[in-house]
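Colleague: Need a 3D model of the sequence below.
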Amino acid sequence: MAQPAFKVDFMRYSPVMLALSALLVVASVVSLAVRGLNFGIDFTGGTLVEVQYPAPVELPQVQAALAGHGLDKAVVQYFGTRSEVLVRIPVGEAGSGGELSTRVLQALDAGGTDGVTLQRVEFVGPQVGDELVTNAALALLYAVLAIGAYVAFRFEYRFAIGAIVSLAHDAIITVGFCSLIGLEFDLTVVAAVLTVIGYSINDTVVIYDRIRENFPRMRKASTREVINRSVNETMARTIATTATVVLALLPLVFFGGDAIHSFSVAMLLGVIAGAYSTIYVASWSLLPTGLSARDMIAPPKENAQTP
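Modeller: Modelled structure (predicted):
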């Protein structure tokens with residue numbers, strides 16, 4: 001059997017890494033309980049107004065113009081270029097979507113800039129926002145359970161336990177980090193968490209597949225040795241795929257603009273957490289289940305008896 005490029009005893013460091021995971025999960029849960037999430041307009045409800053300036057504009061100038069006309073609670077951000085501005089008005093402001101968009105244009109025109117044009121207006125009611133919160137939570141739950149069922153069917157039920165724990169670990173840490181830094185939590189972040197779950201299980205399945213292949217090859221080895229070897233054999237792939245995704249996400253985080261900033265940050269953190277959890281959560285979790293070579297080697301078929 002060829003020797004892997006890496007020869008690291010990953011399971012040796014599992015107590016420290018598991019303690020780190022527990023600390024991160026507890027910190028995430030505490031932050032969610034104490035600080036909560038900074039829900040975007042998708043969940044809280046309100047009016048979204050997109051305007052186009054004839055030339056690049058500074059956001060403080062836009063904010064000051066709106067505040068001068070009683071829209072001091074409005075949140076502004078660039079949407080693509082520095083001449084396209086997105087104005088988010090919370091549901092507490094009086095007026096319908098059309099009335100608020102008219103007030104926004106009047107405020108911006110009075111701010112000393114002519115030629116501001118309205119691009120679009122969207123309104124999300126509070127009831128719709130509450131439904132989106134529930135649907136987003138259910139989407140995450142269903143995704144984790146469906147993936148667990150798939151892993152149990154493809155491998156063995158003890159593999160599914162590790163996969164579900166690992167995916168829950170990644171989702172909790174990603175959402176908890178959003179709470180900790182006050183990142184705006186909108187539908188793009190939900191999409192990011194679902195993408196992270198898919199990315200993480202892909203990495204986990206690769207390692208699980210190698211573990212299953214190595215059990216018959218290493219019949220005299222312990223489960224710990226089989227896991228270590230399998231992780232080492234797939235480490236080059238894990239590093240390459242993770243590095244590629246991270247390198248693609250970094251420009252989006254720093255230069256992608258406000259429209260996808262929350263998505264990019266959540267994705268970046270989730271990918272890193274997912275790469276780590278496949279080793280020290282998903283793979284390690286096979287040890288306490290008592291999985292051994294006997295469970296992974298099919299028993300010999302009995303010879304058919306002739307009459």
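
Colleague: give me the number of residues near residue 89?
Modeller: Counted with other CB atoms under 10 Å, residues neighbouring residue 89 total 23. C-beta: built from backbone N, CA, C; applies to glycine.

Colleague: Would you check that it makes contact with residue 49?
Modeller: Yes. Between residue 89 and residue 49 a contact is recorded at 6.9 Å, counting by CB atoms under 8 Å.

Colleague: anything in contact with each of the two?
Modeller: 100, 104 (CB atoms under 8 Å, 6 or more residues apart in numbering).

Colleague: quick one: low-confidence ranges for the protein?
Modeller: The chain contains residues with pLDDT under 70 at 1-6, 92-98, 111-113, 125-129, 293, 295-307.

Colleague: what ranges do the helices span in the protein?
Modeller: 14-34, 41-44, 59-67, 97-110, 126-154, 157-181, 187-217, 223-255, 261-277, 293-296 (DSSP state H).

Colleague: Kindly reformat those as CSV and extend each row with mean neighbour count and distance to residue 85.
Modeller: Converted to CSV, the helices of the chain look like this (neighbours: other CB atoms under 10 Å; distance: least, CB to CB, whole Å):
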stretch, mean neighbour count, distance to residue 85
helix 14-34, 14, 31
helix 41-44, 22, 15
helix 59-67, 17, 6
helix 97-110, 18, 8
helix 126-154, 15, 23
helix 157-181, 22, 24
helix 187-217, 19, 18
helix 223-255, 16, 18
helix 261-277, 23, 15
helix 293-296, 14, 58
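
Colleague: could the ones you listed go into CSV alongside distance to residue 283?
Modeller: Listed next are the helices of the chain as CSV, based on distance: least, CB to CB, whole Å:
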stretch, distance to residue 283
helix 14-34, 9
helix 41-44, 35
helix 59-67, 46
helix 97-110, 51
helix 126-154, 13
helix 157-181, 7
helix 187-217, 6
helix 223-255, 5
helix 261-277, 9
helix 293-296, 14
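
Colleague: Of all those, which one is nearest residue 119?
Modeller: helix 97-110 (10.1 Å; CB to CB).

Colleague: same for the closest one, what does it pack against?
Modeller: In terms of contacts (3 or more CB pairs under 8 Å, 6 or more residues apart in numbering; DSSP states H and E), helix 97-110 is packed against strand 46-52, helix 59-67, strand 81-90, strand 117-124.

Colleague: so which of those is the most packed in?
Modeller: Neighbour counts (mean count of other CB atoms under 10 Å) averaged over each of the helices and strands packed on helix 97-110 peak at strand 46-52, with a mean of 22.

Colleague: so how far is residue 161 from the most centrally placed residue in the chain?
Modeller: Closest to where the C-alpha atoms of the chain average out (CA atoms, centre = their mean) is residue 193, at 2.5 Å. Distance from residue 193 to residue 161, counting by CB to CB, to the nearest Å: 21 Å.
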